[in-house]
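Asker: need the 3D shape of this:
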Amino acid sequence: MVLRIPLRRSASFTPDHQPLMEMSNPTTLKMEANVLVLGADSVGKSALTVRFLTRRFIGEYGDMEFIYSHSLAMEGREIHVHIWDIPCSQDRVDESSAKEKRVQWADGFILVYSICDRASFNVLRPKVQVIKAAKEALSQEKVPIVIVGNKRDLHHRRVVSSEEGRLLALSMDCEFYEVSAAEAYHGALMVFQGLAERICEAKLALKKGTGIRSIVKSMSAVFARKRTDSL
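Answerer: Next comes the predicted model:
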């Protein structure tokens, strides 16, 4: 991973394994995916991110702001994923303009809550509403958002049921996963790979729609000129 954007407080980790598919095939479709990771304090969003990037679990991070880059190879695509991990305390103090810039930068979003913390779950609905209002106003395509319930291994401390998380995601038209960043790598992989795939699908759909609209606009202009010439 390489730090790609200057931040006030930043750091990067070097994984002890190579990213998937560093050597690309000339015929591989290359795409970029910007991912914003949000969540309340101590929900494990940084642990989830680093578990995906390095396969390792690190429990403590402090109040740090990170941005990482990572490569994924999926179904003939090489996806360069840029992940911005914002501490909750930083998100609270930042001006609305800074928050808006982060939302506009992102192609997709991961909103993490702890199944042991009801308050961290309750703040997700308004966050999703803000993201959708900002992003979908600029495009007719659905913005890719994943809601993640973390700390599944702490089932004895659970206060948010799996069904509640699933119903929230369904009502907000988001994807849903419940994982344990502490226990396994596979859950983190599913979250990030699934989101990256949906971002690519959204970009391709938008590009296709833009192409069709351009053709229609050009044809309309041609017919308009012909009508003018015939007058």
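
Asker: for the chain, which segments count as strands?
Answerer: Remark: strands assigned in the chain by DSSP state E are 29-39, 66-74, 77-85, 108-114, 145-150, 175-178.

Asker: what angle sits between the longest one and strand 77-85?
Answerer: Looking back up the chat, that one is strand 29-39. Here strand 29-39 points in a direction 20 degrees away from that of strand 77-85 (axes from the mean of the first three to the mean of the last three Cα atoms, to 10 degrees).

Asker: quick one: strand 29-39 to strand 108-114, angle?
Answerer: Per the same axes, to 10 degrees, the angle that strand 29-39 makes with strand 108-114 is 30 degrees.

Asker: export strand 29-39 as CSV, just CAs?
Answerer: What follows is strand 29-39, C-alpha atoms only, in CSV (Å, rounded to 0.1, in the frame of the first residue of the first chain):
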residue,chain,number,x,y,z
LEU,A,29,-9.7,-3.9,-17.9
LYS,A,30,-8.2,-1.4,-15.4
MET,A,31,-10.4,0.6,-13.1
GLU,A,32,-10.2,2.8,-10.1
ALA,A,33,-12.4,2.6,-7.0
ASN,A,34,-12.4,5.2,-4.2
VAL,A,35,-13.8,3.8,-1.0
LEU,A,36,-14.7,5.8,2.1
VAL,A,37,-14.8,3.9,5.4
LEU,A,38,-17.0,5.5,8.1
GLY,A,39,-18.2,4.5,11.6
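
Asker: which helices and strands does it pack with?
Answerer: For strand 29-39, the packing partners by 3 or more Cβ pairs under 8 Å, 6 or more residues apart in numbering; DSSP states H and E come out as helix 45-54, strand 77-85, helix 88-93, helix 96-105, strand 108-114, helix 186-230. In short, each C-beta sits where N, CA and C put it, glycine included.

Asker: tell me the angle of it relative to strand 66-74?
Answerer: With the same axes, to 10 degrees applied, the angle from strand 29-39 to strand 66-74 works out at 140 degrees.

Asker: pLDDT below threshold where in this protein?
Answerer: Applying pLDDT under 70 to the chain flags the ranges 1-27, 138-140, 209-231.

Asker: my read: Glu136 touches Ile145, true?
Answerer: No. Contact criterion Cβ atoms under 8 Å: Glu136 and Ile145 do not qualify, at 10.5 Å.

Asker: which of the two has more residues huddled nearby?
Answerer: Ranked by neighbour count (other Cβ atoms under 10 Å), Glu136 and Ile145 place Ile145 first, with 24 against 12.
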